[in-house]
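Q: need coordinates for the following:
(chains A, B, C and D)
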There are 2 protein chains.
Amino acid sequence: MTAFHLPGEIFGLELGQKHRFSAEAISASSILIPKRSAILALAGRDGDVARQLWTLTADALQRVQDHMLVLGCMNAKERVATFLLQMAKRTSGDNELELPMSRQDIADYLGLTIETVSRTITQLENDAAIRLPTSRRIVLRNRAALGRLNA
Amino acid sequence: MTAFHLPGEIFGLELGQKHRFSAEAISASSILIPKRSAILALAGRDGDVARQLWTLTADALQRVQDHMLVLGCMNAKERVATFLLQMAKRTSGDNELELPMSRQDIADYLGLTIETVSRTITQLENDAAIRLPTSRRIVLRNRAALGRLNA
DNA sequence: CGAATCATTGAGGAATTTCAAGTGGTGTGG
DNA sequence: CCACACCACTTGAAATTCCTCAATGATTCG
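A: Just a heads-up that it's a prediction; the model follows:
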């Protein structure tokens, strides 16, 4: 698993002849899938569209590079803390968030096992860095502590 | 560390306002660094250039995604085997290759420690999958075995 | 209620890291 | 030419992290 996508986001802009990844919905979703040929044609005619498409791809590159650093350099606690901060930022920006995905999905995304994710979340709760009203709902109680793990 | 670049390759096409990564030469190199503004201007005028730039970025995205799978799913032996096959393919394509980078660089790239890289290479040698005439020179002796690790 | 799914917890084991020492090649100065 | 220092690499042993396997809760849905 390489990424989570939230409403309004664009993904799958891969440009190769074959698709290399698949997408799976974890909540009810409506998705707009333009034809590749239509996109290319439009980009060919309109320089501004071309520019925007390039930017979208560059943004995706940036996100993946960030995630690569997570997978390459961080331990379990740092990965989970980074993930929670990131999700908070991408959803409400608030201190409270509802995770739409299962522990298994989080584990796959972070390159950990489901048990390690669960244990780490429990540990963050014991550290008073977060609070879990329910298993999918998370309250960030100490952003500073989480941020330190994000280093 | 996120990538190695070989002669003839283009890198650093990041498009954001700030550079997020730095590059370090590990052998004598000459590097052409065009101005960002010049590139953007050219892309604006010439749709074909714009298309090529987009493709370059998309290719980079693809490489990084591949590497993310390495970091997210593979153990040490699989990572090193994948790395060696990849380097062989990118250099001569031959069965013999000279690594231009240190063990430390490889370790950073693969998300391992220098000791683990060293031990793993030794292990591959004991498995008769490779041979090391010198520490930087590697002969692929059993591509099939390495490939199985690449799964 | 019972079944099913998701999440948590525990115990043991495996893989990797850490710390420390040793090896081998290379260049430098006596 | 040899002794020495230096560097990259290798190896060993102990410690740590994370995974695996197994059992137990919690929640949802029929």
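Q: quick one: is the helix or strand where A:Ile138 lies near DNA strand D?
A: Per DSSP states H and E, A:Ile138 falls inside strand A:137-140. No: Strand A:137-140 stays clear of DNA strand D (C-beta under 7 Å from any atom of the strand), getting no nearer than 10.6 Å. C-betas here are computed from N, CA, C, even on glycine.
Q: next helix or strand past that strand?
A: helix A:143-150.
Q: just the CA coordinates of that following helix, formatted as CSV?
A: The C-alpha trace of helix A:143-150 is given here as CSV (Å, rounded to 0.1, in the frame of the first residue of the first chain):
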residue,chain,number,x,y,z
ARG,A,143,1.0,17.7,19.6
ALA,A,144,4.5,18.7,20.8
ALA,A,145,5.3,15.2,21.9
LEU,A,146,4.0,13.8,18.6
GLY,A,147,6.0,16.4,16.7
ARG,A,148,9.2,15.5,18.5
LEU,A,149,8.7,11.9,17.2
ASN,A,150,8.2,13.3,13.7
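Q: the helix or strand harbouring A:Ala107: which residues count as buried?
A: Per DSSP H and E: A:Ala107 is located in helix A:103-110. Residues of helix A:103-110 classed as buried by neighbour count (16 or more other C-beta atoms under 10 Å in any protein chain shown): A:103, A:105-110.
Q: can you tell me which of those are up against chain B?
A: A:Asp108 (C-beta under 8 Å from any C-beta of the partner chain).
Q: so which of the buried residues of helix A:103-110 also contact DNA strand C?
A: Within the set of the buried residues of helix A:103-110, contact with DNA strand C (C-beta under 7 Å from any atom of the strand) is found for A:Arg103.
Q: from the buried residues of helix A:103-110, pick the one nearest B:Arg63.
A: A:Tyr109 (19.6 Å; C-beta to C-beta).
Q: is DNA strand C within reach of the strand holding A:Ile138?
A: No: judged by C-beta under 7 Å from any atom of the strand, strand A:137-140 and DNA strand C are separated, with a smallest distance of 9.4 Å.
Q: now do that strand, average pLDDT.
A: Mean pLDDT, computed over strand A:137-140, is 97.
Q: interface residues of chain A facing DNA strand D?
A: Contact residues, chain A versus DNA strand D (C-beta under 7 Å from any atom of the strand): A:75-77, A:111-113, A:115-116, A:134-135.
Q: show me the two of those residues that sit farthest apart.
A: A:Asn75 and A:Thr134, at 26.3 Å, using C-beta to C-beta across the residues of chain A next to DNA strand D.
Q: so where do the helices sit in chain A?
A: A:36-45, A:47-73, A:76-90, A:103-110, A:114-126, A:143-150 (DSSP state H).
Q: dump these into CSV; add distance to A:Leu97 as well.
A: Below are the helices of chain A laid out as CSV (distance: least, C-beta to C-beta, whole Å):
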stretch, distance to A:Leu97
helix A:36-45, 33
helix A:47-73, 18
helix A:76-90, 5
helix A:103-110, 13
helix A:114-126, 13
helix A:143-150, 12
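Q: with mean pLDDT as extra columns, can I get those in JSON lines?
A: Below are the helices of chain A laid out as JSON lines (pLDDT from 0 to 100):
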{"stretch": "helix A:36-45", "mean pLDDT": "92"}
{"stretch": "helix A:47-73", "mean pLDDT": "94"}
{"stretch": "helix A:76-90", "mean pLDDT": "97"}
{"stretch": "helix A:103-110", "mean pLDDT": "98"}
{"stretch": "helix A:114-126", "mean pLDDT": "98"}
{"stretch": "helix A:143-150", "mean pLDDT": "96"}
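Q: now, which of the buried residues of helix A:103-110 sits nearest B:Ile121?
A: A:Leu110 (27.7 Å).
Q: tell me the contacts of the residue lying closest to that closest one once chain neighbours are set aside?
A: What sits nearest to A:Leu110 in space, not counting adjacent residues and going by C-beta to C-beta, 6 or more residues apart in numbering or on different chains, is A:Arg79, at 4.5 Å. Contacts for A:Arg79 (C-beta atoms under 8 Å, 6 or more residues apart in numbering or on different chains) come out as A:70-71, A:110-112, A:120.
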